[in-house]
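Participant: Task: produce atomic coordinates for the following.
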Amino acid sequence: MTEFFGNASKGVLKNLFETVCVVKKQKLNKKQTSSFIEVRDETLANFILNSYGDNDKKAILSVATDTALTLPEILKKSGIPTSSGYRVFNNLLKEGLIIEVFDSSEKSEKSRFKATIREIKVSLAGTKLEIAIFFSTEALRSSRVLATVAPNLTIST
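Facilitator: Numbering: from 1, shown residues only. Now for the predicted structure:
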């Protein structure tokens, strides 16, 4: 939106974002806080939970959570056969649950990938299911939407 309408679109984008998610902060200790996204939209919450409920997707996302890896490394560590692994991986990439990570200090030209979600916390408050998403540092830094709607987001590892 910003590409087409400039700064005028920031308010619209923020309102749209806040119908689906809300940015919240969690105190880690006396000096540190960490930001997370609370998912308000049931469709989005189901999509994320179903992705982590799929054994193959979960295996790929789990091995790519802490460290950026090449696709062959991801498939080997996850134990998923190459034949179906590429299909599952490409779906995760298209869905935005895996991102390509660029390291300017590394001389290798191999693509490395990392899960966008670092941690998910699910809690039940009465009859309401609450889902908190903690994104990877790389996902937060590369998101133009979050840079627009939540420019003061804090990142904690």
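
Participant: Where do the helices of the protein begin and end?
Facilitator: Here the chain has its helices, by DSSP state H, at 2-5, 9-20, 42-53, 55-63, 71-78, 82-95, 137-142, 144-149.

Participant: Let me know which of those helices is the nearest to residue 113.
Facilitator: Among the helices of the chain, the nearest to residue 113 by C-beta to C-beta is helix 71-78 (6.5 Å). Every residue, glycine included, has its C-beta placed from N, CA and C.

Participant: quick one: low-confidence ranges for the protein?
Facilitator: Applying pLDDT under 70 to the chain flags the ranges 1-6, 32-33, 104-108, 147-157.

Participant: can you rerun that using 80?
Facilitator: Across the chain, the ranges flagged by pLDDT under 80 are 1-19, 25-35, 102-109, 140-157.

Participant: Can you tell me the centre-most residue of it?
Facilitator: residue 116 (3.0 Å; C-alpha atoms, centre = their mean).

Participant: thought it was touching residue 101?
Facilitator: No - with contacts counted by C-beta atoms under 8 Å, residue 116 stays clear of residue 101, the gap being 10.3 Å.

Participant: Between these two, which contacts overlap?
Facilitator: Residues touching both residue 116 and residue 101 (C-beta atoms under 8 Å, 6 or more residues apart in numbering) are residue 138.

Participant: Next, the buried residues of stretch 90-103.
Facilitator: Using 16 or more other C-beta atoms under 10 Å as the test for burial, stretch 90-103 gives 91-92, 97-99, 101.

Participant: let me redo that: stretch 102-122
Facilitator: Within stretch 102-122, the residues scored as buried using 16+ other C-beta under 10 Å are 112-118.

Participant: what sits against the residue nearest to the centre of the chain?
Facilitator: Residue 116 touches 96-99, 135-136, 138-139, counting by C-beta under 8 Å, 6+ apart.
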